[in-house]
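[1] Dropping the sequence and predicted coords here.
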Amino acid sequence: MATDQDVTVVDAIHHALAPYHRLPDVHLVDGASTSGEKLVTSQHEYQMDLMGPMRQDQSWQAHDAQAFAIGHFQIDWDQESVVCPMGKQRRPWKPSKGPRGTPTLQVTLYRKDCAACRVRERCTRSPTEARGLTLHPQAQHLALHAARERQHTERFKEDYKRRAGIEGTLSQAAFAFGMRRTRYRGLQKTHFHHLATAMAINRQRFVDWVWAIPPSKTRQSHFARLELAA
């Protein structure tokens with residue numbers, strides 16, 4: 001459905017493809033469809049690599065080179081303890097839930113340790129409260145960390161280039177073949193319209209291939225061209 005967000009249909013797509021043995025080894029998705037939960041589910045339930053740009057840590061500590069982000073803390077999953085960069089330990093943590101009801105782990109260091117810390121300003125902006133951390137469950141936490149590390153590699157950039165072909169097909173369907181607006185009423189007729197459009201795209205591409213018409217280049221905005229020129 002047009003009103004459904006991408007992130008809500010990833011599991012449905014995998015579930016629908018699995019009985020027909022049509023699951024890919026690697027599923028290239030956009031940034032809206034990646035999360036720790038979906039990374040783990042895709043790997044454990046379908047043995048599939050969900051590849052896409054990961055949303056970065058939005059905390060201010062992660063964007064300050066002098067601050068202590070979550071990666072600076074030592075996490076002992078077996079003992080359910082966290083050790084801060086200055087060596088202070090906090091255990092155990094408490095199960096909690098995120099904004100969407102997803103399970104998280106809440107860690108709050110001891111107030112007395114944070115109050116006496118000489119580098120407190122690198123860890124928290126609160127004048128009185130201790131540093132708090134929100135962790136994903138272990139499998140999701142490790143999957144997120146690995147995915148964020150991977151997306152900075154040249155291999156990821158090269159593999160993810162294939163996503164441009166997917167976006168190009170969607171753009172061609174929307175702008176060259178008018179698929180943004182349905183010509184019919186009812187889901188069945190609209191679905192048939194989509195199938196007919198897909199066949200038209202294949203036919204157009206076949207004709208272009210026969211006549212050796214080169215594909216269009218990716219459009220760059222005027223601002224992007226100025227930035228490259230600078």
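    Received it, and whenever you're ready, just let me know what you need. Residues are numbered from 1 along each chain as shown.

[2] secondary structure element for the closest residue to residue 50 other than its chain neighbours?
    Taking C-beta to C-beta, 6 or more residues apart in numbering as the measure, residue 50 lies nearest to residue 42, with 4.1 Å between them; neighbours along the chain are not counted. (Each C-beta comes from the backbone N, C-alpha and C, glycine too.) Using DSSP states H and E, the element containing residue 42 is helix 36-46.

[3] Can you give the strand pairings for the next helix or strand after that helix, parallel or anti for each?
    Tracing the chain past helix 36-46, the next element assigned as helix or strand by DSSP H and E is strand 49-51. Strand 49-51 has its sheet partners listed here by DSSP bridges as strand 26-28 (parallel).

[4] Could I get the buried residue list for the partner strand?
    Of the residues in strand 26-28, those buried by neighbour count under the rule 16 or more other C-beta atoms under 10 Å are 27-28.

[5] Same question for stretch 198-217.
    residue 201.

[6] Give me the distance from it to the chain's centre.
    The gap between the average C-alpha position of stretch 198-217 and the chain average comes to 32 Å, counting by C-alpha atoms, centre = their mean, to the nearest Å.

[7] And for residue 58, the neighbour number?
    The criterion is other C-beta atoms under 10 Å. On that basis, residue 58 has 7 neighbouring residues.

[8] Likewise for residue 123?
    Using other C-beta under 10 Å, residue 123 has 21 other residues around it.

[9] And for residue 101?
    7.

[10] same thing with residue 38?
    Burial measure for residue 38: 20 neighbouring residues, criterion other C-beta under 10 Å.

[11] for it, what are its contacts?
    Contact partners of residue 38, counting by C-beta atoms under 8 Å, 6 or more residues apart in numbering, are 7, 10-11, 50.

[12] what about 10 Å?
    Contacts were defined as C-beta atoms under 10 Å, 6 or more residues apart in numbering; by that measure residue 38 touches 7, 10-11, 14, 27, 29, 50, 52, 140, 143.

[13] longest helix anywhere in this structure?
    helix 187-210 (DSSP state H).

[14] Now do it: which elements does it pack against?
    The criterion is 3 or more C-beta pairs under 10 Å, 6 or more residues apart in numbering; DSSP states H and E, and the helices and strands that helix 187-210 contacts are helix 163-171.

[15] Which positions in the helix it packs on come out as buried?
    Burial within helix 163-171, assessed by neighbour count using 16+ other C-beta under 10 Å, is assigned to no residue.

[16] Strands of this protein, start to end?
    Using DSSP state E, the strands of the chain run over residues 26-28, 49-51, 74-76, 81-83, 89-90, 94-97, 103-108, 132-135.

[17] now those in JSON lines, with mean pLDDT and distance to residue 157?
    Converted to JSON lines, the strands of the chain look like this (pLDDT from 0 to 100; distance: least, C-beta to C-beta, whole Å):
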{"stretch": "strand 26-28", "mean pLDDT": "95", "distance to residue 157": "12"}
{"stretch": "strand 49-51", "mean pLDDT": "95", "distance to residue 157": "11"}
{"stretch": "strand 74-76", "mean pLDDT": "96", "distance to residue 157": "29"}
{"stretch": "strand 81-83", "mean pLDDT": "95", "distance to residue 157": "33"}
{"stretch": "strand 89-90", "mean pLDDT": "92", "distance to residue 157": "38"}
{"stretch": "strand 94-97", "mean pLDDT": "92", "distance to residue 157": "35"}
{"stretch": "strand 103-108", "mean pLDDT": "94", "distance to residue 157": "31"}
{"stretch": "strand 132-135", "mean pLDDT": "94", "distance to residue 157": "29"}
